[in-house]
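Undergrad: coordinates for the following, if possible.
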Amino acid sequence: MALLDLSLVTRCFTTLLSERIPTFPEWPAANNLLVSAGPPDLVQGPHALSFYLYHVREDAHTKAQDWGVQDSNPQRFRPMGVSLHYVMTPRSNIGDANNRALADQLVMGLALKTLRDQSQIDDATTVNSGGGPILVMPAAMRGRSNRLRCLLQPTAASEASQYWQAGTNALRLAAYYEVSATLLEPEEVRVRTGRVLAYGVHTFVRGEPVIESVGNAVEFTIPGESQPRRVQASPAEAAYGQTVEVRGADLKGDATAFLLSHRDFAEPVEADAAWDLQTDGSLLTVKAQPTAGAQAILPGVYGAIVRTTARKTLPDGSQRDFDAFSNQAAFTIVPSIVSVTGPGPVLTVKVDSFEPHLLAGGDIMVFAGAAKLARVSSGPPGPGEFFTPSSPPTARTMLRFRFPAGVTPGSLLPLRIVVRGAESPPRWEVAP
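TA: Residues are numbered from 1 along each chain as shown. I've put the predicted structure just below:
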């Protein structure tokens, strides 16, 4: 039940109307009738009728179907259901306005009666003509189970005027029809999905991995104290080389991976062997590294994802891996200050495993006490400024700064570096 040539549908109704209307007793025997598929303004005759296709709409019920083919555009192998919208208008060109209107009303009345009596058209539908019954459907449509339904639309008079009224032009007599059950012919299927020759049922005795928390231990020594303090940070705030603890459930499979997501990554990045992943199912640990494979891991806020893999044996003896992914939990890889050196007033800060000069202006901030230092493009920095050198190569992991003007020499101030939202562990320095 499909076709490509929409004109075949229109021919069904022009044939029906042109053959049936002249057989009505009310029709003057001496008058000829012209039934045309042309637009109303271009059809004229003493007794003429336009049956014009003006709109096509796709049917919603044919859009959501199961496509049984392997193709990037599977919908081209299914028929496209469309509804055709027609306007039927009598168009007499008799000179006298009164007789012209009466002729149009006669044609319209007989046409409405014809389409109401023959609202469905199939291969066997016939219409009585002067020469006997003839088939309504064109030969190109027959034998393909096409069935057309023609319905008169309940168009309000106020809406109908919008089709015709323009300026001072008079309204025109018209009726509006919808022809449904018209399917556009699909392409021939050349590739089909193969048969299922074997099947198996795979059961999993554990659930998918779930992350409940990501934390780590942070150690720092407050000035005046001899023993370092140790606090548990959650979410984790780990520097390179420090252990990140992931707690949850079902964090171990036949194979387990730790993935890092970030807005700069197109896809989550898998941590390599250097991260030293260890897990017992409820606790997973990794050691933060400056790289994960070929991907640089700069300080910043990341998402942690655990992927577990279950390996199952198929009925044919082969094996298949089934991956499961946990929820995502945030944690931070923080910049680490290795040392602060210099006689002053310019001090040099060496950082761990990243190059500050490669960071954009808003991606790195330096604080001395509560004061935010201003970044300058060339050294040496002035009071309250810092500079990130790019040469020589040995200086690329360093930055140089000066305490703000007005800081009392010998005072103890906290020094902080913030890289892409990640703040370095606490450290205190003496102002020179």
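Undergrad: quick check: what element follows the longest strand seen in the chain along the chain?
TA: Ranked by number of residues, the top strand in the chain under DSSP state E is strand 300-313. Remark: after strand 300-313, the chain's next helix or strand is strand 319-325, criterion DSSP states H and E.
Undergrad: can you dump the C-alpha atoms of that following strand in CSV for me?
TA: Taking Å, rounded to 0.1, in the frame of the first residue of the first chain, the C-alpha atoms of strand 319-325 are listed here in CSV:
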residue,chain,number,x,y,z
GLN,A,319,33.9,-14.7,26.1
ARG,A,320,32.3,-11.3,26.3
ASP,A,321,32.9,-8.4,28.6
PHE,A,322,30.0,-6.5,30.2
ASP,A,323,30.9,-3.0,31.5
ALA,A,324,29.2,-1.2,34.3
PHE,A,325,29.8,2.4,35.3
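Undergrad: confirm S18 sits in a helix?
TA: Yes. The assignment for S18 by DSSP: H, G, I helix; E, B strand; the rest coil puts it in a helix.
Undergrad: show me the contacts for it.
TA: L33, L34, V35 (C-beta atoms under 8 Å, 6 or more residues apart in numbering). Quick note: C-beta positions are derived from backbone N, CA and C, even for glycine.
Undergrad: neighbour-wise, give me the winner out of the residues you listed.
TA: V35 (23 neighbours; other C-beta atoms under 10 Å).
Undergrad: re the thing from before, tilt between the longest strand of the chain and strand 319-325?
TA: Here strand 300-313 runs at an angle of 150 degrees relative to strand 319-325 (axes from the mean of the first three to the mean of the last three C-alpha atoms, to 10 degrees).
Undergrad: same for strand 300-313, what does it pack against?
TA: strand 210-220, strand 243-249, strand 255-261, strand 319-325, strand 329-333 (3 or more C-beta pairs under 8 Å, 6 or more residues apart in numbering; DSSP states H and E).
Undergrad: of those strands, which is nearest S391?
TA: Checking these against S391 by C-beta to C-beta gives strand 329-333 as the closest, at 26.4 Å.
Undergrad: what helices or strands is that closest one leaning on?
TA: So strand 329-333, by 3+ C-beta pairs under 8 Å, 6+ apart, packs with strand 210-220, strand 237-238, strand 300-313.
Undergrad: quick check: which of the ones you listed is buried the most?
TA: strand 237-238 (a mean of 24; mean count of other C-beta atoms under 10 Å).
Undergrad: where do the helices sit along this protein?
TA: Per DSSP state H, the chain carries helices over the ranges 7-20, 97-117, 157-164.
Undergrad: how about the longest one: buried residues?
TA: Across helix 97-117, burial judged by 16 or more other C-beta atoms under 10 Å covers R100, A103, D104, L106, V107, M108, L110, A111, T114, L115.
Undergrad: residue contacts, the first one?
TA: If you count contacts by C-beta under 8 Å, 6+ apart, R100 has them with S92, N93, I94.
Undergrad: of the residues you listed, buried ones?
TA: By 16+ other C-beta under 10 Å, the contacts of R100 give S92 as buried.
Undergrad: so where is this structure shaky, pLDDT-wise?
TA: 1-3, 60-79, 160-170, 181-205 (pLDDT under 70).
Undergrad: circling back to that earlier point, among the helices and strands packed on strand 329-333, which is nearest R142?
TA: Among these, if distance is taken as C-beta to C-beta, the winner is strand 300-313, at 54.8 Å.
Undergrad: each with direction, which strands does the closest one pair with?
TA: Strand pairing for strand 300-313, determined by DSSP bridges: strand 255-261 (antiparallel), strand 319-325 (antiparallel), strand 329-333 (antiparallel).
Undergrad: enumerate the beta-bridge partners assigned to the closest residue to P426 other than its chain neighbours.
TA: Computed as C-beta to C-beta, 6 or more residues apart in numbering, the closest residue to P426 that is not its neighbour in sequence is F220, at 4.4 Å. For F220, the beta-bridge partners are R229 (DSSP bridges).
Undergrad: quick check, D272 in contact with P290.
TA: No. Counting by C-beta atoms under 8 Å, D272 sits too far from P290 to count as a contact (11.7 Å).
Undergrad: so which of the contacts of S18 belong to strands?
TA: Counting by DSSP E, the contacts of S18 contribute L34, V35 to strands.
Undergrad: out of the contacts of S18, which is nearest to V246?
TA: Using C-beta to C-beta, these come closest to V246 at V35, 78.0 Å.
Undergrad: got a list of what the closest one touches?
TA: Residues near V35 by C-beta under 8 Å, 6+ apart: T14, L17, S18, I21, A48, L49, F51.
Undergrad: the closest residue to the fourth one other than its chain neighbours: what's it in contact with?
TA: Counting by C-beta to C-beta, 6+ apart, L110 is the residue found nearest to I21 once chain neighbours are left out, at 4.6 Å. With contacts defined as C-beta under 8 Å, 6+ apart, the neighbours of L110 are R20, I21, F24, E26, W27.
Undergrad: okay if I get the residues you listed as a markdown table plus distance to G241 and neighbour count?
TA: Formatted as a markdown table, the contacts of L110 follow (distance: C-beta to C-beta, whole Å; neighbours: other C-beta atoms under 10 Å):
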| residue | distance to G241 | neighbour count |
| --- | --- | --- |
| R20 | 92 | 22 |
| I21 | 93 | 21 |
| F24 | 97 | 12 |
| E26 | 100 | 9 |
| W27 | 99 | 16 |
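Undergrad: what's the farthest-apart pair in those residues?
TA: Farthest pair in the contacts of L110, by C-beta to C-beta: R20 and E26, 12.4 Å.
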